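# sequence unknown, structure follows:
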């Protein structure tokens, strides 16, 4: 089982590249956002618990997010591998993932970060916001706030995975094809 954690700031191209990677390597793509939306929409027990925090304007605790993710992974135990998109976002989530995966005979194979300059990404998101309808892509201040949160909470994961020799940075600037080729080169050499 090949398990890849895909990192990158909003606008770095994770969604675009995830589509390619899941097809090429026959991976199950687990997006934390999709898992949350499923649990909330279907009013699952975990969704109800998450809604309490969200309605109060609080972040959903790592433990609850991890439970949702584990439930999703357990639906795909026969998969060739998993592409984690949006999880882990904190060191405690990474530690929980590292504790859980061995229970199903697996582990994180690699983490891949799509890296790009903030100014390039802000311009990408503002452009995307013109057609996507996503309000969070239309306000530069909100975009920069998302980057601040990424830098504070997610960026430390790079050091966590570097210590395990599982971190790979990929230049996220260029055509979709160029970025895809860079990702393929990293994954093919795992």
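Arrived safely, thanks for sending. This one's a predicted model, so the numbers in the text were calculated from it and none came from an experiment.

# which ones are touching residue 112?
4, 5, 6, 7, 168, 169, 170, 183, 186, 187 (C-beta atoms under 8 Å, 6 or more residues apart in numbering). (C-beta placed from N, C-alpha, C; glycine too.)

# quick one: average pLDDT of the helix or strand containing it?
According to DSSP states H and E, residue 112 maps onto strand 110-115. The average of the pLDDT scores along strand 110-115 is 95.

# quick one, the helix or strand that it is followed by and strand 110-115 angle?
Later in the chain than strand 110-115, the nearest helix or strand by DSSP H and E is helix 118-132. Interaxial angle, helix 118-132 versus strand 110-115 (axes from the mean of the first three to the mean of the last three C-alpha atoms, to 10 degrees): 90 degrees.

# so which elements touch the helix or strand harbouring residue 187?
In the assignment (DSSP H and E), residue 187 maps to helix 176-188. Under the contact criterion of 3 or more C-beta pairs under 8 Å, 6 or more residues apart in numbering; DSSP states H and E, helix 176-188 touches helix 14-24, strand 110-115, strand 167-171.

# in the longest one, what counts as buried?
For helix 14-24, the buried set under the neighbour-count rule, 16 or more other C-beta atoms under 10 Å, comprises 14, 17, 18, 21, 22.

# and it, how far from the chain's centre?
12 Å (C-alpha atoms, centre = their mean, to the nearest Å).

# what is that helix packed up against?
strand 2-8, strand 28-31, strand 81-85, helix 176-188.

# for the third one, the distance to its chain's centre please.
Averaged C-alpha coordinates place strand 81-85 at 8 Å from its chain's average position (C-alpha atoms, centre = their mean).

# pLDDT wise, what is residue 86 at?
86.

# which ones are touching residue 36?
Contacts of residue 36 by C-beta under 8 Å, 6+ apart are 47, 50, 60, 65, 68.

# so the strand or helix carrying it versus strand 81-85, what angle?
Under the criterion of DSSP H and E, residue 36 resides in helix 32-41. Counting by the same axes, to 10 degrees, helix 32-41 lies at 80 degrees to strand 81-85.
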